[in-house]
Structure formats: structure tokens, C-alpha cells
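In: The following block contains a protein sequence and its predicted model.
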Amino acid sequence: MIYVDAKYASMLSPRVRNFKQQKDYLWNFSCPICGDSKKDKSKARGYIYRKDTSLFYKCHNCGYGSSLGNLIKEVDSRMYSEYSLEKFGATNNKHVNDKPDLSIFKEDTPLKVSNLKHANFVSTLDDSHPIKKFLRRRHINQDLDKHFFWVPRFKEWVNENIVMKFHTIKSDEPRLVIPFFDEDKNLIALQGRAFGNEEPKYYTLKVKEDNHKVFGLDRLDKDRHVYVVEGPIDSLFLDNCLAVAGATFDVPQIEQFKDNCTIVFDNEPRNKELVKQIEKVINKGYRVCLWNDSIREKDINDMIMAGKTPLTIHTLIEHNSVQGAEAVAKFNLWRKI
């Protein structure tokens, strides 16, 4: 009797905040159990979704999960009585306490690579495959293929493995997938990179809302000097290196190495947002690399493609890294805005 569930799911509209039907058998709204966000009233992380012939509820903020009937019971007891009568022909609730199958919500348990469905590791592809040709054009050697996989329809694949990331799919395309792992090899985020002219060029998605987009934690030696760059691919050319994938550097995984790390920004002195970030981390006391005027390439992968070796790049980083008052002075000369 899925139609009864769908009817009462829609009837929740005036009783919850930010109610919206995303598609058939998928509704989204602010969680009535936890209130969702106290700071941002527009946050909506509660979902009613279909599993087989019934509807269930899941909140991605507080983790509450239940059958639709039990959610209705929490929200409006009178409406629950009507729902129970219409669906089961009785006012008791024997049948509506069925536990939902929440296993499809991968957010509840650590997600390992072995759990991912339909992931094609680049290392297993034929050398003539377009994604391998793309990597070779970027001068990314075959020994790095193990860090990537490829999917023919990225958004569908994401929805199959990390529920609710793409609510509507108008178009889809193949992408290179770069997985982000924590120290325990749990998947915490991933980046889908276009290897054609698709826009946006990057999709960087978190598995859990409270994860941070930091690449390379699974390969890091915490006892050695740490380098931090912007792009995951760039990080593969430097020893003991993390990447923030376009996100902020103000995350615990980076801050813990403040006294033993160098932040290597892209070489974009006219990028307003980047200039702001650099100024911020310099003021916090970080050691930063500010490229001199002889460096024309935008990032490390561009330098590799221009013929520089990883060893040469490492030497350039050391020669162009500054901290404290020296960093402030060099930054004011480096910036072009």
C-alpha cells in the first residue's frame, strides 16, 4: 500500500519546515526530531525514501531513522491514528514498528572501497581506454593509477553508493573518481573529475556531513614534515603530502601539523579568494610557499607537464617557503591585487 504512505508523506508538508518533494517517493525537509540546524533554518537534512513497497525516514543530521508511521507518530498523533486506520484497518500500531532497512544509508557505517558498487579501478583498464590516455597526457605515471577509478555515469554511481547526493539528474557523464580516505582507510569523500569539457570540472563530495575534504590521510607519516596543496593530483607528486581539494585549510587534520608543515598554494597571485586564504594562513603563523616570478605554471601538475621533476619542484618549494614577518613581506610583493 505504497500509495497510502505517499499520501501521508505529502500531508506532512504543513507540519515540518522546508518541505519539498524531490522526485517520486523522495521527500526532503528539516528534521522534526532534532530541529536540523539551530543556526541555519534553511537546512533540510531529513528524507522520506522508498524501500521496496514502504516508505522510511532518515535524518542526516541527528541520525534518527524510522518507518514513516513512527515518524508521523512523533509529529502528529492524531494524523498517526488516521494513517494507521487507513493502512492497516485498525488503530493499533503493531505493524508500523517494522525497523527500516537503513543499510542503504552508507553514512551510518564506515565505507570501504570493497563496499563500492561498480567501481572500475583505472589500473585494471586497457591502455587504450580514454581515462588512461587522459592520465598519461597529464604525465601521471602508471604507478599512480591505483589511486583512481573510473565510472561511466558519475551521478548515478554516486547515488548508488552515497545516498541523496544528486536529487535530480538531468545529464550524466563518465568521470575520473579520486577517493579520499582517513587513517583507517574509510572513505570520507571523493572527487569526480571531468576528463572532457563537462562542467563543473570537479565534483567534490563528502560521505558524511561532518567529514572534511582532505586527501592523503591514509598515506601520511605524521612524524615527518607535511606538505599541503590544493589539488589531490598535485599531492601525488610530493612526498608526504595532503590536499584540501578546494576547501578551507582551517580543518583539524591540517591544524594539527601547524608547526611542522608547509602550505603550497597554486600560483595565482590575481585570484582574490586564493589571496585571502594565503593572507589568513600567514597571519596564523603557517609556513607557506609563494612562487617567485620565474615560475609560470599554475600548479604542480602543470610544472610536471612542463618538464620539471618532483625533486626539482621540492627544491623550488623549499627555496620559496617563508614564515612570519618574512612571509608577510613576500606576500605583499607577490600578490597582484
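Out: In hand now; what should we look at?
In: can you pull the pLDDT of residue 30?
Out: In this model, residue 30 is scored at 93, pLDDT.
In: neighbours of it, just the number please.
Out: 21 (other Cβ atoms under 10 Å). Just so you know, the C-beta spots here come from the backbone N, C-alpha and C atoms, and that holds for glycine as well.
In: Distance of it relative to residue 36?
Out: Applying Cβ to Cβ, to the nearest Å, the value for residue 30 to residue 36 is 4 Å.
In: in a strand, that's where residue 35 is, yeah?
Out: No: using DSSP: H, G, I helix; E, B strand; the rest coil, the assignment for residue 35 is coil, not a strand.
In: sorry, back to before: overlap in contacts of residue 30 and residue 36?
Out: Common contacts of residue 30 and residue 36 (Cβ atoms under 8 Å, 6 or more residues apart in numbering): 17, 43-46.
In: Pull out the buried members of the residues you listed.
Out: 43-46 (16 or more other Cβ atoms under 10 Å).
In: Turn those residues into TSV, columns for distance to residue 158, secondary structure and pLDDT.
Out: As requested, those are exported to TSV (distance: Cβ to Cβ, whole Å; DSSP: H, G, I helix; E, B strand; the rest coil; pLDDT from 0 to 100):
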residue	distance to residue 158	secondary structure	pLDDT
43	21	coil	90
44	19	coil	92
45	17	coil	92
46	20	strand	93
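In: just to revisit the earlier point, now the two most distant members of the shared contacts of residue 30 and residue 36.
Out: Farthest-apart pair in the shared contacts of residue 30 and residue 36 is 17 and 45; separation 11.4 Å (Cβ to Cβ).
In: could you list every residue that touches residue 308?
Out: 297, 316.
In: try 10 Å
Out: Listed by Cβ atoms under 10 Å, 6 or more residues apart in numbering, the contact partners of residue 308 are 237, 295, 297, 300, 302, 315-316.
In: Considering these, which is situated nearest to residue 263?
Out: residue 300 (13.0 Å).
In: Need the overlap of contacts for residue 17 and residue 45.
Out: Listed as contacting both residue 17 and residue 45 by Cβ under 10 Å, 6+ apart are 29-31, 36.
In: Pull the distance from stretch 186-198 to the chain's centre.
Out: 9 Å (Cα atoms, centre = their mean, to the nearest Å).
In: residues touching residue 209, list them.
Out: Contacts of residue 209 (Cβ under 10 Å, 6+ apart): 43, 45, 60-61, 107.
In: Just say helix, strand or coil for it.
Out: coil.
In: confidence score at it?
Out: pLDDT, residue 209: 77.
In: What of residue 94?
Out: Value listed for residue 94 in the pLDDT field: 40.
In: In the stretch 151-300 of the chain, where is pLDDT below threshold?
Out: 163-164 (pLDDT under 70).
In: coming back round to it: from the contacts of residue 209, pick the one nearest residue 11.
Out: residue 45 (20.8 Å).
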